[in-house]
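Student: generate coordinates for the sequence data below:
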Amino acid sequence: MAIRNILMPRCLFGPARVSCLSRIPRRLTSTTTHQTIQSPDQKKMFLNKELYRKQIQERIAKIPIENYRNFSIVAHVDHGKSTLSDRLLEITGVIQPGSNKQVLDKLEVERERGITIKAQTVSMIYTDKETGEDFLLHLVDTPGHVDFRAEVSRSYASCGGALLIVDASQGVQAQTVANFYLAYSMGLKLIPIINKIDLDQSDIPAAMNQVEETFELSREDCIPVSAKTGLNVHKILPSIVKNIPAPTGNVSAPLKALLVDSWHDSYLGVVMLIHVVDGKIKKGMKLLSAHTDKVYDVKEVGINYPDMMPMDTITAGQVGYIIPGLKNPRDAIVGDTFFQYGNHENLEPLPGFEEPKPMVFVGAFPAEGTDFNAMDDQMQNLVLNDRSVTLEKETSNALGLGWRLGFLGSLHASVFKERLEKEYGARIILTAPTVPYKVVYNDGKEVIITSPDKFPDSSFHSRVDCFMEPFVEAIMTVPEEYIGTVMTLCLNNRGIQKEMEYLSTGQVLLRFDIPLAQLVEDFFGKLKGCTKGYASLDYDDAGYKKSDLVKMELCVNGESQDALTTILHKSQAQSRGKEYVTRFKEYLRFQLFEVAIQAKIGSRVIARETIKAKRKDVTQKLHAADISRYKKLLERQKQGKKQMKASGRVHINQEAYQSFLRRND
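Tutor: The predicted structure follows:
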């Protein structure tokens, strides 16, 4: 059965774009320079760059819109997406062969993890060898991970087609399937590429069969290549020109432009990546935002070739950048439509706009309380380049001043933390991740809860009609021998089986509805562990469903530790409570009085551990026969311990919280 008949394509939850990852590409040249040209060599270099820029601009100006091709690359993680982009840039002369690896992965975290986490765009000029015509190609290298799906959908909206990459040694994987749904639902023309054919374990015929059976794409259209060695890559560009349709824009029509992405430059302010649907944009033009009603003066326009290259204009069908003199990145809303101010009457915004909706929330606190002010500045700098991160200050009785951060997914949160630690050397404590729960009251009022502290206590449950939690539709590809362990893992995480299909490559496609709260608790790591790394996962929003939720508090000597409060399903409360009190006991020091660690749901204790009092041997100097004195000293010590327990407070140091939460990530 074809995949498209199993699941209906639809948009995924969350505006998954991760703009937290700033990219500040070098500009090839500019109408204004930030440096004073002094030496003859500097002047010569500047003139050469300016001449090169004018040559590229004149060449692009002669290319009609019928010869434009906008395309993206659809692939699973580590299937060679960025490497293939490098080969295409080398063939079209944008970069020198071997000059750089993964040109479009500009961030250190992208190179380290081998993933694309922010959409990058580059323009190329391709000359058809048969006709001698020039074609302007715009490549959008999009993320593959579901956390960044909204960014992908905005990028796809600016494209007419996509390269669908399948690893010849692994076959179709979960993210390949999920990205195919999105591209297919948006009407993109797909060109199947079988990559990594140079590997010994590659099976080209099997990969072609899987593409034909799974995606209903003809095996004759498949192009076997090796992005690493460059074998057969030259066949891709003619196929793009032949099969992907040209943009349908009208240069003479009133301006309509789609905001694909934006980032913050400390010198230039906000830089916007724009797809011009109709009309043209030039320096000095006034732009009107359809969703904020704000007017901006265009300071500079240009294309990425591969770095920022200023142009006189960018016209319908092109994907380029503009510098609008905007200082606040929060005003640059991805999916927004821009019109020319004064020529915008009766124009409708382009479809597809949606506000970012964080789906994973964590509390963040500095490891040292004195670092709060410095770390607050660092947080603000990172959030400048990520409109999808929500940031608000909060206070914890246990950890002091901190922030409540909202992310698009667990990978989004992980990348943000990694950048904070690597770029700023910050030491941060993250609380256990939570998801947005919905509380429906008897009067019909609905409230979204993003912090466990705000979840209604048991005393208010009489006013609550029901609790709801977000579910996702998880798509997994696993080898046949691991079906049993994977299904057990899903069922243990409250999963509901929806579909199972055997693929021709010896793998099985599984579809489960799983609570998002279970997914963010390292579900992917557990899946990789039980399948020895061979499974792949992608997921789609499945909406809110009723659930029996409770708030579990961890108390030390009766005092609730708000940093360790969590919301979970009632069926997991007993086991989770026992696990929490046992683990937290490991990080507490002995006191001179007995300390009780309890897991509570409302007033009911569901698990308890006790740390015995540290005692002094008060009878060591007595003679063994002096039994009355012996009992008197022990009784006095007992009363003293009781008094200390009644009035004493347990001081819990930051290392205890940090160690507990680190194991809980």
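Student: please count neighbours and contacts with C-alpha atoms only from this point.
Tutor: Noted.
Student: now the strands for the stretch 301-450 of the chain?
Tutor: With DSSP state E, counting those that start in this stretch, the ranges of strands along the stretch 301-450 of the chain come out as 308-311, 313-315, 319-323, 337-340, 360-366, 390-396, 400-407, 428-430, 437-441, 446-449.
Student: how about the stretch 101-250 of the chain?
Tutor: Secondary structure of the stretch 101-250 of the chain, counting by DSSP E, counting those that start in this stretch: strands at 120-127, 134-141, 161-167, 189-195, 223-224.
Student: so how far is the last one off the chain centroid?
Tutor: Pointing back at strand 223-224 there. Strand 223-224 sits 30 Å away from the centroid of its parent chain (CA atoms, centre = their mean, to the nearest Å).
Student: show residues contacting that strand.
Tutor: With CA atoms under 8 Å, 6 or more residues apart in numbering as the test, strand 223-224 has contacts from 192, 193, 194, 195, 197, 204, 232, 235, 236.
Student: which residue sits closest to the fifth one, ignoring its sequence neighbours?
Tutor: Take residue 197 and drop its neighbours on the chain: the residue closest to it by CA to CA, 6 or more residues apart in numbering is residue 226, 5.5 Å away.
Student: tell me how many other residues surround the one you found.
Tutor: By other CA atoms under 10 Å, 23 other residues sit near residue 226.
Student: so what's it up against?
Tutor: Neighbouring residues of residue 226 by CA under 8 Å, 6+ apart: 195, 196, 197, 198, 232, 233.
Student: now for those: which two are most distant?
Tutor: By the measure CA to CA, 198 and 233 form the most distant pair in the contacts of residue 226, at 12.5 Å.
Student: of those two, who's got more company?
Tutor: residue 233 (20 against 17).
Student: neighbours around the residue nearest to residue 612 when sequence neighbours are not counted, how many?
Tutor: Taking CA to CA, 6+ apart, and ignoring the residues beside it in sequence, residue 612 has residue 594 as its nearest neighbour in space, at 4.9 Å. For residue 594, the count of nearby residues is 17 (other CA under 10 Å).
Student: and residue 594, how far is that from residue 613?
Tutor: Going from residue 594 to residue 613 by CA to CA, to the nearest Å gives 4 Å.
Student: same deal with residue 537?
Tutor: Using CA to CA, residue 537 is found at 49 Å from residue 613.
Student: can you check residue 433 too?
Tutor: Distance of residue 433 to residue 613, given as CA to CA: 34 Å.
Student: now the helices: where do they sit in the stretch 351-500 of the chain?
Tutor: With DSSP state H, counting those that start in this stretch as the criterion, the stretch 351-500 of the chain has helices at 372-384, 410-424, 483-492.
Student: worst average pLDDT in these?
Tutor: Of all the helices of the stretch 351-500 of the chain, the minimum mean pLDDT falls on helix 410-424 (a mean of 76).
Student: how far out from the middle of the chain is it?
Tutor: Centre-to-centre, helix 410-424 and its host chain are 11 Å apart (CA atoms, centre = their mean).
Student: cool, stretch 375-393 as well?
Tutor: Counting by CA atoms, centre = their mean, stretch 375-393 is centred 15 Å from the centre of its parent chain.
Student: same thing with stretch 529-536?
Tutor: Relative to its parent chain, stretch 529-536 has a centroid offset of 21 Å by CA atoms, centre = their mean.
Student: now do the end-to-end distance for that stretch.
Tutor: One end of stretch 529-536 to the other measures 11 Å (CA to CA).
Student: rewinding a little: how about a markdown table for the strands of the stretch 301-450 of the chain, with distance to residue 564, mean neighbour count and mean pLDDT added?
Tutor: Putting the strands of the stretch 301-450 of the chain into a markdown table (distance: least, CA to CA, whole Å; neighbours: other CA atoms under 10 Å; pLDDT from 0 to 100) gives the following:
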| stretch | distance to residue 564 | mean neighbour count | mean pLDDT |
| --- | --- | --- | --- |
| strand 308-311 | 47 | 24 | 90 |
| strand 313-315 | 53 | 22 | 93 |
| strand 319-323 | 45 | 26 | 91 |
| strand 337-340 | 43 | 25 | 91 |
| strand 360-366 | 10 | 23 | 86 |
| strand 390-396 | 10 | 14 | 84 |
| strand 400-407 | 13 | 22 | 86 |
| strand 428-430 | 11 | 22 | 81 |
| strand 437-441 | 18 | 20 | 92 |
| strand 446-449 | 16 | 15 | 91 |
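Student: between those, which one is nearest to residue 94?
Tutor: For the strands of the stretch 301-450 of the chain, the distance to residue 94 is smallest for strand 308-311, at 12.0 Å, taking CA to CA.
Student: circling back: looking only at neighbour counts, state which of residue 537 and residue 613 leads.
Tutor: When residue 537 and residue 613 are compared for neighbours, residue 537 comes out ahead with 24 against 14, by other CA under 10 Å.
Student: what about the more buried one, which SS state?
Tutor: Reduced to three states with DSSP: H, G, I helix; E, B strand; the rest coil, the structure at residue 537 is strand.
Student: how about it: what's its closest non-neighbour residue?
Tutor: In this structure, residue 537 finds its nearest non-sequential neighbour in residue 476, 4.6 Å apart by CA to CA, 6+ apart.
Student: ok, now which ones touch that neighbour?
Tutor: In this structure, residue 476 makes contact with 173, 174, 509, 510, 511, 535, 536, 537, 538, judged by CA under 8 Å, 6+ apart.
Student: how close does the first one sit to residue 73?
Tutor: Residue 173 sits at a distance of 15 Å from residue 73 (criterion: CA to CA).
Student: measure stretch 243-260 end to end?
Tutor: Stretch 243-260: ends 24 Å apart by CA to CA.
Student: now that stretch: buried residues?
Tutor: By 16 or more other CA atoms under 10 Å, the buried positions in stretch 243-260 come out as 244-247, 249-251, 254-260.
Student: widest-spaced pair of the residues you listed?
Tutor: Pairwise distances across the buried residues of stretch 243-260 peak at 25.4 Å for 244 and 254 (criterion: CA to CA).
Student: so how far is the helix or strand residue 525 falls within off the chain centroid?
Tutor: Using DSSP states H and E, residue 525 sits in helix 523-530. Taking CA atoms, centre = their mean, one finds helix 523-530 lying 18 Å from the centre of the chain it belongs to.
Student: other SSEs contacting that helix?
Tutor: helix 483-492 (3 or more CA pairs under 8 Å, 6 or more residues apart in numbering; DSSP states H and E).
Student: residue 403: what's it in contact with?
Tutor: Counting by CA under 8 Å, 6+ apart, residue 403 touches 363, 364, 365, 391, 392, 393, 394, 395.
Student: could those residues go into CSV alongside distance to residue 271?
Tutor: Listed next are those as CSV, based on distance: CA to CA, whole Å:
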residue, distance to residue 271
363, 30
364, 29
365, 31
391, 22
392, 25
393, 28
394, 31
395, 34
